[in-house]
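K.L.:
Structure here, sequence nowhere to be found:
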């Protein structure tokens with residue numbers, strides 16, 4: 001065998017066309033085998049290409065100590081802007097975990113399984129990583145240059161390809177246990193077993209079966225000192241003492257606001273009548289009791305996963321192989337946060353009002369007869385914390401043939417992939433109708449401190465049911481082939497041709513209580529307190545197809561040029577749940593525009609000498625609107641900030657409430673032609689250099705740049721309310737199922753509005769040295785983010801998210817790097833020390849009107865609310881691992897994550913990513929120091 005140098009290995013990792021190898025390198029002088037480069041459709045001997053690729057082998061995956069695919073992705077410096085499990089704690093995560101290359105976004109990052117698409121969890125292409133069991137993964141290959149001609153130009157940010165185990169012949173049992181040093185909360189465990197039958201080369205077939213079961217216990221705010229204070233968090237900044245004072249007016253016992261001719265005073269009847277706020281996690285502020293919701297949330301949800309993977313490969317003669325693979329996965333994320341909070345109207349004539357509110361009014365000197373109306377701000381602690389049981393079931397089947405015929409390397413495959421996700425209410429959510437009935441009957445009193453009796457009284461109103469369900473399915477037919485076409489000065493030129501046909505279907509099925517009153521159930525009166533009401537079902541499908549050509553020409557020795565050309569065509573969307581502007585279900589319709597476009601990529605790799613490689617690429621991409629971008633019906637999307645009424649005349653004028661909060665509606669853009677949505681388009685370029693000054697030293701840099709135009713987004717509410725004449729068609733009458741009356745609402749539907757620009761540098765350096773004490777290897781990778789700009793409207797200023805908490809409540813880190821040091825002491829014993837660094841950033845800016853930061857006096861007394869700008873400190877975590885191979889069968893691995901028990905740096909954020917306060921769980925690990933042990937036995 002030819003010995004592989006550091007340069008050739010690094011080139012293989014970093015500059016493979018597309019996504020790296022689909023098979024291991026096998027170059028022998030006697031018999032030279034061509035291998036397929038994943039991301040390129042061409043099989044060839046020369047495996048060096050022109051695009052940057054990051055490859056994680058099985059050994060490198062194990063070195064991270066990651067127990068899930070999502071944990072693994074989070075360790076990679078090139079990954080930013082992905083969805084973490086913590087965001088499912090009232091942060092919109094919905095029980096999913098995703099990948100995002102270079103902070104460009106989940107929707108622009110294509111995730112593949114063995115080079116084939118997986119069913120998304122939405123109507124676009126975003127994949128839930130939680131459906132992929134890490135124990136079945138053999139390696140991961142990440143193309144950080146997007147718009148792949150092979151897989152589709154919609155992969156604008158890049159491609160993440162999970163290569164699963166294959167041709168295994170033995171049995172493998174692996175047990176993993178990971179436990180934080182501060183207790184068992186947040187502990188994880190994993191059991192994985194796989195068994196192979198037959199060797200493909202000698203027996204002509206191979207069958208592989210693999211099963212895994214893994215769990216993670218929940219971690220609560222009360223389990224960590226930096227999160228336990230919740231919304232009353234003391235900290236020092238600039239020599240002064242402050243408090244993050246983020247409490248909620250929705251409290252228990254309930255607060256009340258009455259409207260009178262002389263003002264609208266707020267108070268807590270229980271406090272006024274008894275002299276104290278008696279419930280846990282409540283604080284007296286004036287005449288009200290405020291609730292510390294941040295002290296009762298989870299930091300990490302409880303997770304459970306069962307995965308089963310099976311594959312078979314069968315030789316069909318000397319040149320062809322049949323393959324099939326299937327994956328079944330069941331994943332559950334159980335997330336809990338604060339009890340439901342809801343402003344509710346009070347009947348002045350009710351016994352509840354007369355017995356609790358009237359006595360407090362008298363003590364406050366307010367004439368009960370002067371009250372025009374009253375609202376209760378209630379926290380239903382008796383219902384328990386709002387707990388969502390997100391269940392995700394995934395099924396993936398792919399089969400086909402690959403081989404050689406007539407001088408062509410060919411393959412054909414079919415993939416069927418589907419997901420089903422349901423949100424199930426376990427606790428916390430309450431039926432509005434049943435609550436009203438309990439209060440009217442005097443069975444439940446929200447103006448007293450919770451007890452076992454009040455919990456029992458409310459129990460019949462607590463929801464235990466499915467809230468909604470989504471189903472997503474794709475069917476993909478793929479054909480491709482490649483061959484030598486002519487002899488160029490530098491060697492054989494290779495041509496690849498291929499195409500794919502995809503059919504996609506997406507269904508959203510909300511429960512009756514999630515829908516509320518609408519045209520499908522006009523007499524329905526109930527709603528979910530603490531949840532979403534006003535959703536409408538969706539049933540959409542679409543077909544698209546694409547063809548591509550790829551040509552690789554070695555124009556001279558050391559210089560290779562690659563050209564890719566792709567054509568994609570998308571049909572308009574078929575909408576089987578078609579609602580008109582009034583919310584009435586009408587006949588199915590075809591919506592949106594057909595979309596097609598030709599995209600290309602040009603790339604070059606030049607090796608002026610054995611120790612130097614220069615590379616570059618330039619290409620275009622496009623991304624069609626997702627189906628729900630087009631078909632989503634207008635439905636409730638929350639409340640606006642306070643705005644003056646935008647209506648001055650006409651039939652909507654009676655719905656005005658002066659300066660007030662108005663309903664916001666969300667929905668797709670169903671129109672065709674110029675009024676409809678266009679595909680987003682992109683341009684991306686990269687320039688790279690790899691130098692090997694010595695055989696044991698390799699240095700690599702890649703400069704990348706991505707621009708996206710015509711991005712699909714919604715108009716900012718401030719833009720709509722500030723220009724009511726320009727956007728008059730967006731204001732509509734909306735029946736609010738919670739208020740049970742028609743209200744004025746702004747319809748924030750989708751348009752091609754925005755543009756973004758991303759730029760940065762990736763690096764990958766390796767140095768190794770060996771002596772009598774073994775071999776020491778250093779691998780330093782990282783990403784420097786120079787630009788992460790977004791502009792919603794052409795008239796808006798460009799917002800740069802790098803190194804600051806932006807208006808979208810996210811951060812793009814300037815620096816993320818990872819240093820992995822490995823000491824292979826002997827064939828049996830290996831040690832590693834790994835450090836991951838994230839730079840500091842400008843924290844979420846707080847202004848006085850946020851009512852979030854208070855000055856603290858010398859004696860601990862709370863002062864005025866103030867504005868504050870500060871920086872979040874950098875975050876550096878070191879991990880240690882030792883692996884001992886007892887024999888060919890048994891290997892034990894022990895490690896310590898977060899060796900020095902580094903706590904997450906303090907953040908004053910009050911919005912974005914979930915209800916955790918005092919730190920940002922999206923960017924840090926609240927578990928602290930963890931000890932883990934892995935036992936692997938082969939037989």
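P.N.:
On my side now, so go ahead. Since this is a predicted model, take the numbers as computed values, not measurements. Residues are numbered from 1 along each chain as shown.

K.L.:
low-scoring stretches of the chain, by residue?
P.N.:
Scanning the chain for pLDDT under 70 picks out the ranges 1-49, 147, 737-740.

K.L.:
quick one: the helices in it?
P.N.:
For the chain, applying DSSP state H gives helices covering 6-14, 58-64, 69-74, 200-203, 269-274, 351-364, 432-440, 452-458, 512-515, 627-631, 717-722.

K.L.:
Out of the ones you listed, the one nearest residue 565 is which?
P.N.:
Nearest to residue 565 among those is helix 6-14; the distance by CB to CB comes to 24.4 Å. Yep, even glycine has a C-beta here, placed from its N, CA and C like the rest.

K.L.:
Have a look at the protein and report its longest strand.
P.N.:
Identified as the longest strand of the chain according to DSSP state E is strand 741-771.

K.L.:
Against which helices or strands is that one packed?
P.N.:
With contacts taken as 3 or more CB pairs under 8 Å, 6 or more residues apart in numbering; DSSP states H and E, strand 741-771 sits against helix 6-14, strand 660-667, strand 697-714, helix 717-722, strand 731-736, strand 774-791.

K.L.:
Centre of the chain to the fifth one, how far?
P.N.:
Centroid separation between strand 731-736 and its chain, computed with CA atoms, centre = their mean, to the nearest Å, is 31 Å.

K.L.:
List the neighbouring strands of it plus their orientation.
P.N.:
Paired strands of strand 731-736, with direction, are strand 741-771 (antiparallel) (DSSP bridges).

K.L.:
before we move on, back to that, let me have the helices and strands packed on strand 741-771 in CSV, adding mean neighbour count and distance to residue 798 as columns.
P.N.:
Listed next are the helices and strands packed on strand 741-771 as CSV, based on neighbours: other CB atoms under 10 Å; distance: least, CB to CB, whole Å:
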stretch, mean neighbour count, distance to residue 798
helix 6-14, 21, 31
strand 660-667, 19, 25
strand 697-714, 20, 12
helix 717-722, 17, 16
strand 731-736, 20, 29
strand 774-791, 18, 5
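
K.L.:
Switch the ones you listed over to TSV; also include distance to residue 236.
P.N.:
Formatted as TSV, the helices and strands packed on strand 741-771 follow (distance: least, CB to CB, whole Å):
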stretch	distance to residue 236
helix 6-14	44
strand 660-667	36
strand 697-714	39
helix 717-722	34
strand 731-736	45
strand 774-791	29
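
K.L.:
For residue 280, which of those is the nearest?
P.N.:
Across these, residue 280 has its closest neighbour in strand 660-667 (29.7 Å, CB to CB).

K.L.:
Just the angle for that closest one relative to strand 731-736, thanks.
P.N.:
90 degrees (axes from the mean of the first three to the mean of the last three CA atoms, to 10 degrees).

K.L.:
Which strands or helices does strand 660-667 pack on?
P.N.:
Going by 3+ CB pairs under 8 Å, 6+ apart, strand 660-667 lies up against strand 635-643, strand 731-736, strand 741-771.

K.L.:
got a markdown table for the helices of the chain, with distance to residue 107 too?
P.N.:
Listed next are the helices of the chain as a markdown table, based on distance: least, CB to CB, whole Å:
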| stretch | distance to residue 107 |
| --- | --- |
| helix 6-14 | 26 |
| helix 58-64 | 26 |
| helix 69-74 | 16 |
| helix 200-203 | 38 |
| helix 269-274 | 47 |
| helix 351-364 | 48 |
| helix 432-440 | 34 |
| helix 452-458 | 41 |
| helix 512-515 | 24 |
| helix 627-631 | 10 |
| helix 717-722 | 22 |
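
K.L.:
any idea which of those is most buried?
P.N.:
Comparing the helices of the chain by mean neighbour count (mean count of other CB atoms under 10 Å), helix 627-631 ranks first with a mean of 25.

K.L.:
helices and strands around that helix, which ones?
P.N.:
By 3+ CB pairs under 8 Å, 6+ apart, helix 627-631 packs against strand 491-510, strand 538-556, strand 573-575.

K.L.:
Comparing those strands, which comes out most buried?
P.N.:
Most buried of those by mean neighbour count (mean count of other CB under 10 Å) is strand 573-575; its value is a mean of 24.

K.L.:
ok, residues contacting it?
P.N.:
Residues outside strand 573-575 that contact it (CB atoms under 8 Å, 6 or more residues apart in numbering) are 538-542, 588-592, 627, 630-631, 670.

K.L.:
and with 10 Å instead?
P.N.:
Contact partners of strand 573-575, identified using CB atoms under 10 Å, 6 or more residues apart in numbering, comprise 123, 504-506, 538-543, 587-594, 624-633, 668, 670.

K.L.:
just the strands in the stretch 551-700 of the chain please.
P.N.:
If DSSP state E, counting those that start in this stretch is used as the criterion, the strands of the stretch 551-700 of the chain fall at 559-570, 573-575, 578-579, 585-586, 589-591, 595-609, 612-623, 635-643, 660-667, 680-694, 697-714.

K.L.:
For the second one, which strands pair with it and how are they oriented?
P.N.:
With DSSP bridges as the criterion, the sheet partners recorded for strand 573-575 are strand 538-556 (antiparallel), strand 589-591 (antiparallel).

K.L.:
quick one: the strands in the stretch 101-250 of the chain?
P.N.:
Using DSSP E, counting those that start in this stretch, strands in the stretch 101-250 of the chain cover 109-113, 116-117, 137-143, 158-164, 171-180, 188-197, 205-216, 219-220, 232-237, 240-245.

K.L.:
Buried residues, the longest one. List them.
P.N.:
I take that to be strand 205-216. Within strand 205-216, the residues scored as buried using 16 or more other CB atoms under 10 Å are 206, 207, 208, 209, 210, 211, 212, 213, 214, 215, 216.

K.L.:
one step back: out of the helices and strands packed on strand 660-667, nearest to residue 160?
P.N.:
Taking these one by one with CB to CB, strand 741-771 is closest: 14.7 Å.
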